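K.L.:
pasted the sequence and its predicted model underneath.
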Amino acid sequence: MREPSPRSQLQGLDLHFARGKRSVLEGATLGFGAGEILALLGANGAGKSTLFRLLLGFLSAKRGEVRLDGAPLSSFSRREIARRVAYVPQGHVTPFPYTVREVVMLGRLPETGLLRAPRAEDREIVESIISRLGIERLIDQPYTEISGGERQLTLIARALAQGARLLVMDEPATGLDYGYQLRLMRHLSALAADGHGVLVSTHHPEHAMQIATRIAILHEGRIEADGPPQQVVTAERMRRLYGVEVAVFDDPFGARRLAPIVERREGAPR
Ligand SMILES: Nc1ncnc2c1ncn2[C@@H]1O[C@H](COP(=O)(O)OP(=O)(O)OP(=O)(O)O)[C@@H](O)[C@H]1O
C-alpha cells in the first residue's frame, strides 16, 4: 500500500456534474493541502456537497479530474483514500444504537481493517480525541440518543480518529450551540497548525473569516473567487451571493469583520 505523502493535497480540476437535466457544476476547480483551511461559501443548493462528494470519489464527474497527492483519485483504493482524507458529512444518521465510543472507533477502520480487533493504542486515540472535543460525558451514550449538535461532534471525532492528513467537512457547525461553534473554530485552527489540511463548507462567512487561510465562493456551478479572506469577502459579493446588505470593516484588533445592516424601527431600543 502506498504511504500518504507528507505534502498531502486534494484537487478537483474543471469538474462538470449534472443531476438529471440540471447542471450543478460547470467547470469547478478547487484544491487544498496540508497546513491550510479553505472555507467554501455558496448559497443553498449551489453544489457544495456535490463538489465534496466528487472530491471524495463518492460521485463521478461528467468531465474533469480529481487528483490526490498528485495522482488520479481513481488510482487509489477506497482504503487508501480513507487513510489520506476524512469526511464529515452533513446530517448523518445511523439506524444502529452504537455508542459514541463505537462510532468514533469506526474511524480507525482504515488502519485496523475489518479483521483485527481494536488495540489499546486505538482505544487511547479514540478516548483522547473524544476528550479533546469535550464530549467525554457522552462516551457510552447511544449515538441515536444524543442531540444533533452532539452527533455532529461525534462525527468530527470519528474523522479525526481516522488519522488522515486532509479533512473535508460539510457544514460542521450546523446544530452546534454558540460555545461549541467557537470551540470547533479553535479545533480547526489547531488542526491546520498541526499540519492538517481542512476544506470546510459553511453558511457563516464570519466563521470563514475567523479561521480560513483561503475562502472560495461557489456560484452558478463555478468557483468564482478563491483567495485570501480579505480579498474574497466584500459587501458587493455578499449582496450578490446571499441578497443581503452587510458592512465589512476592520475591528480595532485588525481583524476583518462582517455585520448585517438591519433597518431600525422607529422607537426600537438601541
Ligand atoms: N440526491 C440528489 N438527487 C437529486 N438532486 C440532488 C440530490 N442532492 C442534491 N441535489 C440537487 O443538486 C443541487 C446541489 O445540491 P448540493 O446539496 O450539492 O448543494 P449545497 O450547496 O450543498 O446546498 P446546501 O447549502 O443547501 O446544503 C441542488 O439543486 C440539489 O437540489
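P.N.:
It's in. Residues are numbered from 1 along each chain as shown.

K.L.:
CA-only coordinates of the helix or strand harbouring Phe32, as CSV, when you get a sec.
P.N.:
Here Phe32, judged by DSSP states H and E, is contained in strand 22-33. Extracted as CSV, the C-alpha positions of strand 22-33 are listed here (Å, rounded to 0.1, in the frame of the first residue of the first chain):
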residue,chain,number,x,y,z
ARG,A,22,-30.0,20.1,-14.3
SER,A,23,-26.4,21.1,-14.4
VAL,A,24,-24.9,21.5,-10.9
LEU,A,25,-21.2,22.1,-11.6
GLU,A,26,-19.9,23.6,-14.8
GLY,A,27,-16.1,23.6,-14.6
ALA,A,28,-15.4,23.9,-10.9
THR,A,29,-11.7,23.9,-9.9
LEU,A,30,-10.8,23.7,-6.2
GLY,A,31,-7.8,22.4,-4.3
PHE,A,32,-6.3,22.5,-0.8
GLY,A,33,-3.4,21.0,1.0
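
K.L.:
show me which residues of this protein are close to the ligand?
P.N.:
Applying CB under 6 Å from any ligand atom, we find that the chain lies next to the ligand at Arg19, Val24, Gly42, Asn44, Gly45, Ala46, Gly47, Lys48, Ser49, Thr50. C-beta here means a position set from N, CA and C on the backbone, and glycine is covered the same way.

K.L.:
surely the second one meets Gly47?
P.N.:
Yes. Because the distance of 4.4 Å satisfies CB atoms under 8 Å, Val24 is recorded as touching Gly47.

K.L.:
more neighbours, the two?
P.N.:
Gly47 (25 against 22; other CB atoms under 10 Å).

K.L.:
quick check: buried residues in stretch 186-197?
P.N.:
Buried residues in stretch 186-197, counted by 16 or more other CB atoms under 10 Å: His187, Leu188, Ser189, Leu191, Ala192, His196, Gly197.

K.L.:
over to stretch 122-141?
P.N.:
Asp122, Ile125, Val126, Glu127, Ile129, Ile130, Leu133, Ile135, Leu138, Ile139, Gln141.
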